[in-house]
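> Pasting a predicted model and its sequence here:
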Amino acid sequence: MDKVTLNFYQFPLANRLNLVQRNSLKLKMHGVKNVVLLRFYPNAVQVFYKGDVDKTAICRIMGYNINLPADNAKVPAQKNISEELQAYKRDAIISLVGFVGLQALKKFAPQAYISLRIVRSLFVLGIARNVIKSGIEGLIKDGQPNADTLTSTAVIASVLAGKPESSLSLMTLSNVAEMLTIYAAERARKHISSLLKLDQQFVWRVADDGHEEKVPIEQVKVNDVIAVHTGEKICVDGTVLSGNAAIDQASITGESNPAMKGEKDPVYAGSVVQGGQLTVLVQKVGDDTSLARIVHLVEDAQTRRAPVQNFADRMANMLVPISFIGAAIVYGATRDWQRVLNLLFIDFSCGLKLSTATAISAAVATAAKQGILIKGGNYIEALADIDTVVMDKTGTITIGVPKISAVHTTEGVCEKEMILLAASAEIHSVHPLAVAIQNYVEEKGWQVPDHINSDTVVAHGMEANVADFEGFKGGNIIVGSRHFMTDRNVSGLDSFEDRKIPAGYNILYVARDNKLMGVIVINDPIRPQMKKTFNQMRRHGIDEIVMLTGDSKDVAATVAQKMGIDSYFAEILPEDKANIVNFLQKNGHVLMVGDGINDAPALAFADVGVALGGRRTDIAVESSDITINSDNPTKLMDALELGQNTMRLIRQNFTATITINSAAMLLGALGKINPLVAAIIHNTATLAVVLNSARILMPKRGFLMNK
């Protein structure tokens, strides 16, 4: 596997949003088929790929028009959180000890205390060195004051006023608050790490003779066979060859109930065998596994800021000058440095910025724990505004595992003949209706004849040339909707108009050499709990639910009536789905849910695109903004509810921060409190709203009950 590293700051500004949201799909649409994944960092993106791919072409497609960095170019190093915590802890202890020492000196040796004024001032300036540096850089580089500019002004003002110990108390409280705040935010970012990590270092590899050998996980390769026993964690993605077991796959799907796995069932890295044992054919290892993709998605999501975070930053920066203006007015009116320090010791920046970032980070982590992978904080905010939900039908509203319920043939055609010809045409299709035919043939134990060539006619059906087989005649076979048959001028359609087909069932027409052979009646049951999910959506502010499908109008009408869907569009093409989403966006905020190739354009155009279920296609995952690993539709409601509750909590934090700090500033200006109390109020309020944001990490019931 190779990679190319691209720096964000060298991208045209207009390309950056598209870069973060859509480029994996964009690369594939431009013919770069071997892209494995994109990994995003605060200032760079890495494109991982396999095979012979032109790096220059990758850059051009992504809007990157400068020379490539060297192959060993490194992604900008991110801050070491533990070192940052230690630094704040060290400064907090030093400032606290210094404050206590100076207070003791002032009480027991007042003359010495007075004579050490310069030493006291230098000590305070040393403690505040990083804050002063950041405050000056804000003025020089950004051209505007920031929170550190305000704090550094307070420190310098206290030194000039001959009361450096006043700002020393501020620095003590500030360092303690920063330390606790970073700890809370980091806990939010790492909340799922223990659940997602592969803490198993060895696996049992099965040799050709059936002997099990314990080997390091690093030695396992694709197509190896491993054995997994009760209590062990599965370290690869693969398919069960033999055995039966109850699997806890909460780390992948978020489902609390164990899943029963047997022969031919898929298993995923990070899941745990609760009972039984399995022999597994290895299909993906290391960074290619579902678990690794979850971890990378969560990591990447932390770097994609929600608009509310930018709003918090702008508001915080706008409020800094207000503190300066208030301090100037108070000084002009009272000449009281004590009151001036009160105003300088209070700012809105920390509470607004840190609580918002922590809430978004915690929401992304909580969603991942539930099997909902959100690709950026911006989608958390977008979820809160959704008022229109658009659903694909097949494989989304329905379970996507339809079964043949009836077969009707014309005179002279037997069931086996027609089914096998249809299966040959559909053999490469992953459409649920095609899978129903393939499963039916497998159950019968029939052998599917080879086709000479085949072609997919999107949203219509399949066409193939099949040779003669087993005494049956081949020919040009088309399988699909009645509309498809009409377009191809198939004869004999009128003979089936009087057939009584149950309402809501799918009908596949099969024709040979433009002559109808018969119809296959297929039923695709509605996904359990889908109606419950729709009812919950309406109670949470969803105004309209729309269904899109390539199926017939009769089938669509039946499903829409059963589910209480507001409107539906049937017999439509993929581009029609995208156009419908664009139309609905004119009057609302649209969430699109799908799972197939034909859903990809609509998923990409929607305000929020969601790929739902274990049978979703790769291109649907790439073009969506949220991936739900579970087949349980109630996860959709969980995602919407998480977005709404997160934004409600952020608004709570905004209100609390501005109200408490404004009240403290008013009391400080009136001289009702001293600088120490002002600092305590400010830092306590900051810590409180950050901890309020971390409340998202609580179990779902606790969080929702306290919203």
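Sure, I can see it. Numbering: from 1, shown residues only.
> ok, residue 535 - contacts?
Contacts for residue 535 (Cβ atoms under 8 Å, 6 or more residues apart in numbering) come out as residue 564. The C-beta positions use only the backbone N, C-alpha and C, and glycine is treated the same way.
> Just the pLDDT at it, thanks.
Per-residue pLDDT puts residue 535 at 93.
> Check the spacing between it and residue 398 real quick.
18 Å (Cβ to Cβ, to the nearest Å).
> again with residue 210
Residue 210 is 42 Å from residue 398, by Cβ to Cβ.
> Just want to know which of the two has more residues nearby.
For the pair residue 210 and residue 398, the greater number of neighbours falls to residue 398 (22 against 9), based on other Cβ atoms under 10 Å.
> out of everything not next to it in sequence, what's closest to that one?
Closest residue in space to residue 398, ignoring its immediate chain neighbours: residue 524 at 4.2 Å, by Cβ to Cβ, 6 or more residues apart in numbering.
> How about the residue in the protein that sits furthest from its center?
Most distant from the centre of the chain: residue 111, at 62.6 Å, with distances by Cα atoms, centre = their mean.
> now for the one helix or strand residue 373 maps to, which elements pack on it?
For residue 373, the host element (DSSP states H and E) is strand 372-374. Applying 3 or more Cβ pairs under 8 Å, 6 or more residues apart in numbering; DSSP states H and E, one finds that strand 372-374 contacts helix 290-301, helix 349-369, strand 626-628, helix 634-669.
> Which one, of these, ends up nearest to residue 131?
Between residue 131 and the helices and strands packed on strand 372-374, the tightest spacing by Cβ to Cβ is seen for helix 349-369, at 11.9 Å.
> What lies in contact with stretch 204-224?
Contacts for stretch 204-224 (Cβ under 8 Å, 6+ apart): 198, 200-203, 225-229, 235-236, 279, 281-285.
> Buried ones only from those, please, as a PyMOL command.
The PyMOL command for the buried members of the contacts of stretch 204-224 (criterion: 16 or more other Cβ atoms under 10 Å) is given here:
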select buried, resi 198+203+225+226+227+228+235+236+279+281+282+283+284+285
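> Surely residue 594 is in contact with residue 606?
No. Counting by Cβ atoms under 8 Å, residue 594 stays clear of residue 606, with 9.3 Å between them.
> Quick check: residue 565 vs residue 587, distance?
17 Å.
> So for these two, which residue has more residues nearby?
residue 565 (20 against 11).
> so where's the stretch 601-707 of the chain shaky on pLDDT?
613-623, 699-707 (pLDDT under 70).
> Equivalent analysis for the stretch 201-350 of the chain, please.
Using pLDDT under 70, the stretch 201-350 of the chain drops low at 250-257, 287-288, 290-306.
> Show me where it has its helices.
Along the stretch 201-350 of the chain, counting by DSSP state H, counting those that start in this stretch, helices occupy 250-253, 290-301, 307-334, 337-344, 349-369.
> residue closest to the middle of the chain?
Central residue of the chain (Cα atoms, centre = their mean): residue 374, at 1.1 Å.
> OK, contacts around it?
Per Cβ under 8 Å, 6+ apart, neighbours of residue 374: 297, 301, 363, 364, 367, 368, 380, 625, 626, 639.
> wait, doesn't the third one sit right on residue 381?
Just to be clear, that refers to residue 363. No. Using Cβ under 8 Å, residue 363 makes no contact with residue 381, being 9.5 Å away.
> Now do the shared contacts for those two.
Taking Cβ under 8 Å, 6+ apart as the criterion, residue 363 and residue 381 both touch 643, 646.
> what's the neighbour count on residue 273?
Burial of residue 273, expressed as a neighbour count using other Cβ under 10 Å, amounts to 22.
> who's it bridged to?
residue 247 (DSSP bridges).
> That one reaches residue 226, doesn't it?
No. Using Cβ under 8 Å, residue 273 makes no contact with residue 226, being 11.7 Å away.
> With distance to residue 496 and mean neighbour count added, can I get the helices and strands packed on strand 372-374 in TSV?
Putting the helices and strands packed on strand 372-374 into TSV (distance: least, Cβ to Cβ, whole Å; neighbours: other Cβ atoms under 10 Å) gives the following:
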stretch	distance to residue 496	mean neighbour count
helix 290-301	44	21
helix 349-369	48	27
strand 626-628	39	26
helix 634-669	38	20
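> okay, residue 4: pLDDT?
Note on residue 4: pLDDT of 58.
> Over to residue 409?
90.
> In this structure it contacts residue 415, no?
Yes. Residue 409 lies in contact with residue 415 (Cβ under 8 Å); the separation is 6.1 Å.
> Looking at the two, which one has more neighbours?
residue 409 (18 against 13).
> Provide a list of residues in contact with residue 145.
135, 138, 139, 317, 320, 321, 324.
> And for residue 525?
Residue 525 neighbours (Cβ under 8 Å, 6+ apart): 398, 399, 402.
> Much appreciated, bye for now.
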